[in-house]
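K.L.:
Model the structure of this input:
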Amino acid sequence: MQRVILLDELGEKYGREHTFHGLRSPAEAIKLLCINYPEFKRDLLTSHHDGIGYRLIQQDVDMDLDEIHLPFGSQDFVLAPAVMGSGGKDGSLWKIIVGIALIAAAIY
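P.N.:
Next up, the predicted model:
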């Protein structure tokens with residue numbers, strides 16, 4: 001059993017906690033959320049217009065986009081909206097991913 005936690009506006013709109021069985025990767029979780037909530041997909045695709053990106057967090061570590069296809073494991077996966085440009089001067093504090101890239105990686 002894997003839990004996906006949606007923070008802030010995502011959690012308010014789509015529910016904070018989602019439990020799935022048999023997921024292989026965080027990408028599958030994002031894909032299922034997009035299928036179950038078409039507005040979720042639309043929000044991810046258009047949020048960059050409002051300066052919002054997303055942090056992917058597992059075991060208190062920010063994930064890179066290429067890591068969302070790695071095995072899920074037993075730890076919760078957290079998807080958190082983040083203001084783009086809030087990662088410090090060099091962007092190293094947080095790995096903020098644009099929703100379009102997130103959708104493309106999840107569907108691929």
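
K.L.:
from the middle of its chain, how far away would the host helix or strand of Arg42 be?
P.N.:
Here Arg42, judged by DSSP states H and E, is contained in helix 38-46. With Cα atoms, centre = their mean, to the nearest Å as the basis, helix 38-46 stands 12 Å off its chain's centre.

K.L.:
Rounded mean pLDDT for that helix, please.
P.N.:
Across helix 38-46, pLDDT averages out at 94.

K.L.:
cool, stretch 27-34 as well?
P.N.:
93.

K.L.:
One more: stretch 67-81?
P.N.:
Rounded mean pLDDT across stretch 67-81 is 88.

K.L.:
What of stretch 98-108?
P.N.:
For stretch 98-108, the per-residue pLDDT averages 84.

K.L.:
Next, the buried residues of it.
P.N.:
Val98, Gly99, Leu102, Ile103, Ala105, Ala106 (16 or more other Cβ atoms under 10 Å). From N, CA and C alone the C-beta is placed, and that goes for glycine too.
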